[in-house]
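S.K.: When you get a sec, could you give me coordinates for this:
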Amino acid sequence: SIGSDLDYYVTGYGTGGTFHGTGKYIKENSPDTKIVLAEPGAANLIGSGIKTDRNDDGSPAGSHPAFAAHPIQGWTPDFIPLVLEQGLGLQDEMVEIPDGAGVETSQALARNEGILTGISGGATMWAAIETAKKAPEGSVIVAMLPDTGERYLSTPLFASIDADMNEEELEIARSTPNFILEPSA
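M.R.: Prediction:
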């Protein structure tokens with residue numbers, strides 16, 4: 001049971017299964033909860049209002065005309081997945097994620113909160129923060145970050161971090177005498 005304390009649920013979409021399943025459950029059990037669905041601004045498929053053309057079996061007949069490449073890996077393929085389309089209408093609000101916001105927010109979560117999440121997790125949190133800015137004070141907002149940052153080590157998410165430790169990092173490493181990870185000479 002959800003209870004009456006959940007004011008907002010914020011999510012993005014890949015296949016749309018989490019949005020559709022969770023959204024349906026929330027609307028059945030907590031109808032006053034607002035569902036916020038996010039998608040990349042560069043690939044504003046749902047926001048475009050254009051449906052995906054489908055084959056007789058429900059598969060997409062081609063790429064969506066509003067699709068463009070975007071940096072949020074795992075989100076928003078080049079078509080609206082059928083399970084997502086079947087859940088549309090559950091959302092109360094849409095949020096467009098600007099380019100770079102997912103990466104920046106993911107990096108800030110790691111640096112400031114110790115949360116290692118991927119680009120889609122950063123994008124979801126960005127949408128939750130934007131939702132919080134407009135929500136009444138004291139609102140309860142849930143944003144699930146179903147992603148981990150470790151799979152992005154070779155992507156733009158970590159491009160600004162040097163592979164080798166700098167002097168400050170070496171000093172921290174040396175502060176634990178029994179567990180020093182000195183770089184090999």
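S.K.: helices or strands next to the helix or strand hosting residue 84 in the packing?
M.R.: Element membership of residue 84 [criterion: DSSP states H and E] is helix 82-87. Packing partners of helix 82-87 (3 or more C-beta pairs under 8 Å, 6 or more residues apart in numbering; DSSP states H and E): helix 17-29. Yep, even glycine has a C-beta here, placed from its N, CA and C like the rest.
S.K.: where exactly do the helices run in this protein?
M.R.: 17-29, 45-48, 82-87, 101-108, 119-134, 167-174 (DSSP state H).
S.K.: residues in contact with residue 160?
M.R.: Contact partners of residue 160, counting by C-beta atoms under 8 Å, 6 or more residues apart in numbering, are residue 107.
S.K.: Tell me the pLDDT of it.
M.R.: Turning to residue 160, the model gives it a pLDDT of 82.
S.K.: next one: the helix or strand of the chain with the lowest mean pLDDT to chain centre, how far?
M.R.: Using mean pLDDT, DSSP states H and E, helix 167-174 stands out as the lowest-scoring helix or strand of the chain, at a mean of 84. On the basis of C-alpha atoms, centre = their mean, to the nearest Å, helix 167-174 sits 33 Å off its chain's mean C-alpha point.
S.K.: quick one: buried residues of the helix holding residue 84?
M.R.: Buried residues in helix 82-87, counted by 16 or more other C-beta atoms under 10 Å: 82-85, 87.
S.K.: Could you point out which of those residues is nearest to residue 142?
M.R.: Nearest to residue 142 out of the buried residues of helix 82-87 is residue 87 (C-beta to C-beta; 17.3 Å).
S.K.: OK, contacts around residue 84?
M.R.: Contacts of residue 84 (C-beta under 8 Å, 6+ apart): 13, 15-17, 19-20, 46.
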